[in-house]
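Trainee: Predicted coordinates and the sequence they were generated for:
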Amino acid sequence: MGLGLGLGASSSSYMSMDLKDATTALALWLKNGAGVAAAQWDDSSGNDNHAAQSTTGNQAGVSDGGLDFEEDNEDHYDLTSMVTVAENGGFCIAWVMDTESATNNSLVSDSGAETIRIQNASKIRLLTNDPGNLQSAYHTDEAFGANKGLYMLNRTAGDGSEVTIFKNGAAVAIEASSGDSTLADAGENDNGFTFDTIGAANSGGTHFFDGKLLELAFWTKSLSAQEIADVNSYLKSIHGL
């Protein structure tokens, strides 16, 4: 299954495979340059879970093979169906973005306020569904700057699961005890998670994404070290990072 490429593989050595070849449990793939239009970005995972917006005023503009979201226009998209991660379940999200602002950029969410959101240039927030919308704020060293970059958040399965974050294929340090709720450490948020919205929190209510979202993939399992390396290598190659 693995592509046999390390985190540092160059684009010239990349094999002609994609995320479906490199991994399993791919639930959603908004693939750069594939089925992208202002009204809908087709899901390339094979699950037909397309991201659509019928209101013209809330549609992002097509740009560089992805979508350019304007926060002031409240641009966001609804998925055809909900993506669900069970309690104690692992998951992984990878995305390529080029933001205009590093503040409150929501990636995915649902109406119950479950959210993965870039809080600021050094913090990403995970808000889960139980108990009591438990949330974590993972503090890093300026990982989410307003420049083009590839990012990944991977959560292992099981009680006391751990979160790892990558930028452009390299692991990013997370400050110890950086959870801002009842968490003792950054890696203990193992509650369930669902989403059906792209680019906004609360199903299009707040914290709108501002800038270009060039690719987004979500897996309903944690990725292995080899899969993480393969996904990062593929996306780095595709996006020239």
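Mentor: Yep, that arrived.
Trainee: C-alpha only now, for contacts and for neighbours.
Mentor: Fine.
Trainee: right, and the helix or strand after the lowest-mean-pLDDT helix or strand in the chain?
Mentor: Least confident helix or strand of the chain, by mean pLDDT, DSSP states H and E, is strand 135-139 with a mean of 83. For strand 135-139, the succeeding helix or strand toward the C-terminus, using DSSP states H and E, is strand 149-155.
Trainee: contacting residues around that following strand?
Mentor: Residues outside strand 149-155 that contact it (Cα atoms under 8 Å, 6 or more residues apart in numbering): 90-98, 161-169, 222-223, 232, 235-236, 241.
Trainee: what pairs with that strand, and is each one parallel or antiparallel?
Mentor: strand 91-99 (antiparallel), strand 163-167 (antiparallel) (DSSP bridges).
Trainee: Residue 67 is in what secondary structure piece?
Mentor: Element membership of residue 67 [criterion: DSSP H and E] is strand 66-69.
Trainee: now whichever helix or strand comes after that strand and strand 91-99, what's the angle there?
Mentor: The helix or strand immediately downstream of strand 66-69 is strand 77-85, counting by DSSP H and E. Angle of strand 77-85 versus strand 91-99, following axes from the mean of the first three to the mean of the last three Cα atoms, to 10 degrees, is 150 degrees.
Trainee: any idea of the mean pLDDT in the host helix or strand of residue 230?
Mentor: In this structure, residue 230 is located in helix 225-239 according to DSSP H and E. Per-residue pLDDT over helix 225-239 has a mean of 95.
Trainee: Dump that helix to CSV, restricted to CA.
Mentor: Coordinates of each C-alpha in helix 225-239 appear next as CSV, following Å, rounded to 0.1, in the frame of the first residue of the first chain:
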residue,chain,number,x,y,z
ALA,A,225,3.9,6.7,9.6
GLN,A,226,4.3,5.3,6.0
GLU,A,227,0.9,6.7,5.0
ILE,A,228,1.7,10.1,6.4
ALA,A,229,5.0,10.1,4.5
ASP,A,230,3.2,9.1,1.3
VAL,A,231,0.4,11.6,1.6
ASN,A,232,2.9,14.4,2.4
SER,A,233,5.1,13.4,-0.5
TYR,A,234,2.2,13.3,-2.9
LEU,A,235,0.8,16.7,-1.9
LYS,A,236,4.1,18.4,-1.8
SER,A,237,4.8,17.2,-5.3
ILE,A,238,1.4,18.3,-6.6
HIS,A,239,1.6,21.7,-5.1
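Trainee: Do you know the pLDDT at the spatially most central residue of the chain?
Mentor: By Cα atoms, centre = their mean, the chain has its centre lying nearest to residue 93, at 3.9 Å. For residue 93, the pLDDT comes out at 98.
Trainee: Could you point out which residue ranges in the protein have low pLDDT?
Mentor: For the chain, the stretches with pLDDT under 70 are 1-16, 130-133, 177-188.
Trainee: ok, residue 32 - contacts?
Mentor: Residue 32 sits next to 65-66, 214-215 when contact means Cα under 8 Å, 6+ apart.
Trainee: Is it possible to get TSV of those residues that adds neighbour count?
Mentor: TSV is the format used below for the contacts of residue 32 (neighbours: other Cα atoms under 10 Å):
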residue	neighbour count
65	17
66	26
214	24
215	21
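Trainee: and which of these is nearest to residue 134?
Mentor: Set against residue 134, the nearest of those by Cα to Cα is residue 215 (27.5 Å).
Trainee: can you confirm that closest one is in a strand?
Mentor: Yes - the assignment for residue 215 is a strand, going by DSSP: H, G, I helix; E, B strand; the rest coil.
Trainee: circling back to that earlier point, go ahead and confirm the residue nearest to the centre of the chain touches residue 218.
Mentor: Yes - using Cα atoms under 8 Å, residue 93 is in contact with residue 218, at 4.5 Å.
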